[in-house]
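Trainee: Sequence unavailable; structure follows:
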């Protein structure tokens, strides 16, 4: 709703030789009692026909600094007047003349040409319509295909106006990516992203196609209850209504989490009996790992010889009949198969005693690669299966306006890297082929300073994040990154984020060079920002704007854990029963326990995984049939090579 | 520097030679500069009274009156100066929030010259404009220096008249318990000098009311003290008034007149009774100090505020321009 313009000015532009008005900045004074403050948007105009120079120009600005001073020549004069007694100073019969002087940065001038200094005109509080004009939102909120995505309410001077981001610049292709910074513990970063995702899902223009989100839950239960309603108060509901967003949790959320080391209990906090049925296990085999083996190697490991052997492994041995040269034939599909091959090679070389070389690869190189691959299967047991079918995200079957939560909060950091790299690379791969099922994907990554640090080695993860940052917008792959300290994230990752959001900031962080463009007053406001308020930069906004957003309409992680406490880990037999009962509620627990009583856990896990993957009509019968014989390993489909990333270059973003 | 489209343009177009001379500003009404004598109305001899421990008269609401004058020689008709003057006065009232707000304000623009000394064309241009023309005496018109002094006197008179008119209007409108403090003497106005709740505060001390030991006693008054109330002898049009000296700040180490005010109030027995209470109240008005004004030791802050207010609204072209600035050179 457009509010009626208030014709009463609240201030007047002043300019002196020392504080002149320029095309980008101006100063104005207001009454002592004024509703405006840092971040307020104001409109400067001269009355038509006033005869003043610049009459007819309208300038929008945002307040960036404020000053107050009196006509006191020096502090000493106040001491003299009060005879050194502060009590008497407060009792003086007259209050000194004071001024409230504000500095504002120009947001927009109309007309935009010729660009001239701000006229010394009257200052008004901005209305809804003014805010839309000032932030150039008029260009994307109207027309046949509006692309506005509400991000929050601009509130100042007793006014309130919705602020929209342009989907073309938030989600591509014009610009893309969002970066959010803020101190930890205030629930601002995660809340803001949850709210913004809900806003995107409800306002993403239909003509731009289908959209989904992939969120990596890297700590605690933050993103584990996105499908559950949270607590909202009246003010939250009013803000939702003002922004035109329905306050409801996400309708479609798919959860993925790896197993714990036992291979049957899920490694997530969403294990409450009422909710665990929604969680799909995330299990990867050798092939999934080998595609991204570089992630597993540290800087010293990466050399031409190791690289050559990994290539040899992937191209010549994986899922192929292979002669080891010592009379044995192998078909490597799992870690177990690979280990058998390695043993055969080592034994063969030892028995032959002829050389340290096998197929042009030195035994030391082979041992190194074996160690690294064995390492991941040990450290990430539960995510990586030694021997069994994998269970992955629904590549090619992504659904519109669906959130895919990948919970790696309790996974080893190496495993987190692997999950993160593989999921994002697969997204990129499918979006390039346009066969993901959606046209755009928002990837939310917290702790960006860990994955793409400003300094440190060029890891595969960092290279991949740089690749998304620089080229993702053309594919529809959009990075929503969050971190506590923006200064500690690679500058090309943050620099390529078209939209930048700041929550409450640490004072030390604000003292770093990246924040020099902000006025001291804006920095102070950032350092004391309340929960629910953000400072936003967007390509259409020439200056940062403060907005308030309602609490996300989903259950907060902390509340979710209290409301749905995680179930304790089940014994192996009970966990197997639970998985099968999930497939078919008619299955009786004792029936399962009797069946698996004399079986090895490995066989049971493989059979269970195959059953879960096949989803047969009679799960128990299928499961029993698999356990009747040795369960064959899964033959993975023909491997499709992942196109290499471009090497990191020094070109600026 | 001329106000565009003004009568100044008209007289220049009519042949007056443009000029730009801004004399030193003088604001506020001065005191008479002669020995007049006085009669004591409080005690048998001039005494000093400490007011530090006296309960200040509680003034519910106070208004402050002051005026300013700004003038500039804008042209010459032959050797006769043509002066453009701006006089203004305002009354600002102090509210419960201790802030001052303008109650009344009036300003006038004047052209001061001697019409008959101007060429017909210039005279016609001047009289044809809507500006109010004030003439100084014919005998002052011959010599430019005397003419400028005569013009200054006319401007001062105009300003004093404006102040008086505004003060009388305000005094007539004062409600019960409301006071009006005037910067300068009250005795020029019958209405002001007879009003029970008006005070005149005089900062300049040209008039001499005492001689000998009494003069010494008056001028060496300690800080926070007042003299006995006296009645200045009447001169000319001046009305009956009561007066006393009040020292706001210690004079020792400065000057005899440092921090010295002379207060005027209605010639009435009540004034004598209220003199200490009013003095105690005026002493409280020392804070806030009205720096950076050089007269801060005697200038009450609210009066300074009225003056600042009027100055801020005065035409900018009548303000003495800052020193000419040469561009910086490379060396």
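Mentor: Perfect, thanks for sending it. No experiment lies behind these values; they were computed from the predicted model shown. Numbering: from 1, shown residues only, chains lettered A, B, ... in the order given.
Trainee: Give me the domain ranges for chain A.
Mentor: Dividing chain A into domains by automatic domain parsing, as the record does, gives the ranges A:11-134, A:169-283+A:388-563, A:287-379, A:570-653.
Trainee: what's the average pLDDT for the last one?
Mentor: This points to domain A:570-653. For domain A:570-653, the mean per-residue pLDDT is 75.
Trainee: Phi, psi for residue B:173 please.
Mentor: Here is the backbone geometry of residue B:173 (degrees, to the nearest 10): phi -100, psi 0.
Trainee: Kindly report the same for residue B:114.
Mentor: Backbone geometry at residue B:114, expressed as degrees, to the nearest 10, gives phi -120, psi 110.
Trainee: For the stretch 1-150 of chain B, list the residues in contact with chain A, please.
Mentor: Proximity of the stretch 1-150 of chain B to chain A is assessed by C-beta under 8 Å from any C-beta of the partner chain, with B:94, B:97-100 identified as the residues in range. Every C-beta, even on glycine, is put in place using the N, C-alpha and C of the backbone.
Trainee: what's the farthest-apart pair in the residues you listed?
Mentor: Across those, the two members that end up farthest from each other (C-beta to C-beta) are B:97 and B:100, 9.8 Å apart.
Trainee: quick one, which of the two is more surrounded?
Mentor: Regarding residue B:97 and residue B:100, a neighbour count based on other C-beta atoms under 10 Å in any protein chain shown identifies residue B:100 as having more, with 23 against 9.
Trainee: The more buried one pairs with what?
Mentor: According to DSSP bridges, the residues that bridge with residue B:100 are residue B:94.
Trainee: Now for it: which residues touch it?
Mentor: With contact taken as C-beta atoms under 8 Å, 6 or more residues apart in numbering or on different chains, residue B:100 is in contact with A:94, B:64, B:92-94, B:302, B:305-306, B:309.
Trainee: which non-adjacent residue is nearest the one residue in the stretch 201-331 of chain B that gets nearest to chain A?
Mentor: With C-beta to the nearest C-beta as the measure, residue B:287 is the residue of the stretch 201-331 of chain B nearest to chain A, at 3.5 Å. Of all residues not flanking residue B:287 in the chain, residue A:81 sits nearest, at 3.5 Å (C-beta to C-beta, 6 or more residues apart in numbering or on different chains).
Trainee: Do you know the pLDDT at that neighbour?
Mentor: In the prediction, the pLDDT value recorded for residue A:81 is 81.
Trainee: again with the one 4 residues further on
Mentor: As summarised for this prediction, residue A:85 has a pLDDT of 86.
Trainee: Quick check: it vs chain B, distance?
Mentor: Distance of residue A:85 to chain B, given as C-beta to the nearest C-beta, to the nearest Å: 10 Å.
Trainee: From residue A:315, how far out is that residue?
Mentor: Using C-beta to C-beta, to the nearest Å, one gets 89 Å for the distance from residue A:85 to residue A:315.
Trainee: Sketch out the low-pLDDT regions of the stretch 101-250 of chain B for me.
Mentor: Across the stretch 101-250 of chain B, the stretches falling below the confidence threshold (pLDDT under 70) are B:235-237.
Trainee: where do the strands sit along it?
Mentor: Listed in chain order, the strands of the stretch 101-250 of chain B (DSSP state E, counting those that start in this stretch) span residues B:132-135, B:178-183, B:198-202, B:225-227, B:230-232, B:241-247.
Trainee: Which elements pack onto the next helix or strand after the longest one?
Mentor: Scanning the chain past strand B:241-247 towards its C-terminal end, the next helix or strand to appear is strand B:260-266 (assignment: DSSP states H and E). For strand B:260-266, the elements it packs on are helix B:190-194, strand B:198-202, strand B:241-247, helix B:269-284, judged by 3 or more C-beta pairs under 8 Å, 6 or more residues apart in numbering or on different chains; DSSP states H and E.
Trainee: Next, the residues that contact the third one from outside, please.
Mentor: Same thing as strand B:241-247. Counting by C-beta under 8 Å, 6+ apart, the neighbours of strand B:241-247 from elsewhere in the structure are B:38, B:41-42, B:51, B:185-187, B:193, B:200, B:209, B:218, B:221-232, B:259-268, B:271-272, B:275, B:279, B:282-283.
Trainee: Buried residues in it, which are they?
Mentor: Of the residues in strand B:241-247, those scored as buried under the neighbour-count criterion (16 or more other C-beta atoms under 10 Å in any protein chain shown) are B:241-247.
Trainee: Also the last one?
Mentor: Counting neighbours by 16+ other C-beta under 10 Å, one finds that the buried residues in helix B:269-284 are B:271-272, B:274-283.
Trainee: and the angle for that helix with strand B:178-183?
Mentor: Compare the direction of helix B:269-284 with that of strand B:178-183 by axes from the mean of the first three to the mean of the last three C-alpha atoms, to 10 degrees and you get 70 degrees.
Trainee: Run the contact check for the following helix or strand past helix B:269-284 versus chain A.
Mentor: Sequence-wise, the next helix or strand beyond helix B:269-284 is helix B:301-313, with elements assigned using DSSP H and E. Yes: Helix B:301-313 lies in contact with chain A when judged by C-beta under 8 Å from any C-beta; the contacting residues are B:301-302, B:305, B:308.
Trainee: can you pull out the strands in the stretch 301-450 of chain A?
Mentor: Counting by DSSP E, counting those that start in this stretch, the segments of the stretch 301-450 of chain A that form strands are A:321-323, A:329-331, A:357-358, A:361-362, A:403-407, A:440-445.
Trainee: For residue A:221, find the nearest of those strands.
Mentor: Evaluated over the strands of the stretch 301-450 of chain A, closeness to residue A:221 peaks at strand A:403-407, with 8.8 Å, by C-beta to C-beta.
Trainee: The stretch 251-400 of chain A: helices as residue ranges?
Mentor: Listed in chain order, the helices of the stretch 251-400 of chain A (DSSP state H, counting those that start in this stretch) span A:286-290, A:293-296, A:304-312, A:335-352, A:363-379.
Trainee: ok so, going back, give the contact list for the residue of the stretch 201-331 of chain B closest to chain A.
Mentor: Taking C-beta under 8 Å, 6+ apart as the criterion, residue B:287 is in contact with A:81-82, A:88-89, A:92-93, B:301.
Trainee: Quick check: phi and psi on it?
Mentor: When read as degrees, to the nearest 10, the backbone of residue B:287 gives phi -110, psi 140.
Trainee: Averaging pLDDT per element, find the lowest-scoring helix or strand in chain A.
Mentor: Between all helices and strands in chain A, the lowest mean by mean pLDDT, DSSP states H and E belongs to helix A:293-296, at a mean of 72.
Trainee: hmm, who's touching that helix?
Mentor: Applying C-beta under 8 Å, 6+ apart, the contact partners of helix A:293-296 are A:289, A:302, A:310, A:314, A:369, A:372-373, A:375-376, A:414, A:417-418, A:421-422, A:459-461.
Trainee: Please consider this matter closed, and thank you.
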